[in-house]
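**Student:** Take this sequence and fold it.
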Amino acid sequence: MATRRQLMGPNQLAWLDAALAALAPTGLTAAQQHDTVLLIIGHIRSLAQQLVHADEVSSEEWNRLAGEVLERHGHRFPALAAAIADGAFAPHGNGPLDYGLERILDGVTHLIDHS
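**Tutor:** Okay, here's the model as predicted:
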């Protein structure tokens, strides 16, 4: 989905200001701070968009349809079939939001520690 850059309103400016203020003592450059905020927001927005579209088809229906496709065409997607069989799509831990944020923050922490 294509999006266009929009002007930020007062509320968006306030949360961006708060995020930059939280990153200010890290020693990251202003550009790195801004990029970090954009990276985190991008992760959150991506998952939010997936969740919005996930509501279009129930989990049960998706699982049924995916199962049918893999039964007929699983040989074409062996890594995907193996991942599904191993539970890759089953609920786990705190889910993709926390997993992604933890990995992003691990990387940011590494950048801070090695700058």
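
**Student:** Let me know how buried residue 49 is, in neighbour terms.
**Tutor:** 11 (other C-beta atoms under 10 Å). (Glycine included, C-beta is placed from N, CA and C.)

**Student:** Follow the chain on from the helix or strand that it is a member of and name the next helix or strand.
**Tutor:** Assessed by DSSP states H and E, residue 49 sits inside helix 30-54. Downstream of helix 30-54, the first helix or strand assigned by DSSP H and E is helix 59-73.

**Student:** gap between the residue positioned nearest the centre of the chain and residue 92?
**Tutor:** Nearest residue to the geometric centre of the chain (C-alpha atoms, centre = their mean): residue 43, 3.3 Å. Separation of residue 43 from residue 92 (C-beta to C-beta, to the nearest Å): 18 Å.

**Student:** which stretches of this structure have low pLDDT?
**Tutor:** 1-4, 52-57, 59 (pLDDT under 70).

**Student:** circling back to that earlier point, and the helix holding residue 49, what does it pack onto?
**Tutor:** helix 10-23, helix 95-113 (3 or more C-beta pairs under 8 Å, 6 or more residues apart in numbering; DSSP states H and E).

**Student:** Report all helices and strands that the last one contacts.
**Tutor:** In other words, helix 95-113. Packed against helix 95-113 by the contact rule (3+ C-beta pairs under 8 Å, 6+ apart) you find helix 30-54.

**Student:** Just give me how far the helix it packs on sits from the chain centre.
**Tutor:** Between the mean C-alpha location of helix 30-54 and the chain-wide mean there is a distance of 7 Å, by C-alpha atoms, centre = their mean, to the nearest Å.

**Student:** and the residue located most distally from the centre of the chain, how far is that from residue 66?
**Tutor:** Ranked by distance from the centre of the chain (C-alpha atoms, centre = their mean), the top residue is residue 72, with 30.3 Å. Distance of residue 72 to residue 66, given as C-beta to C-beta: 11 Å.
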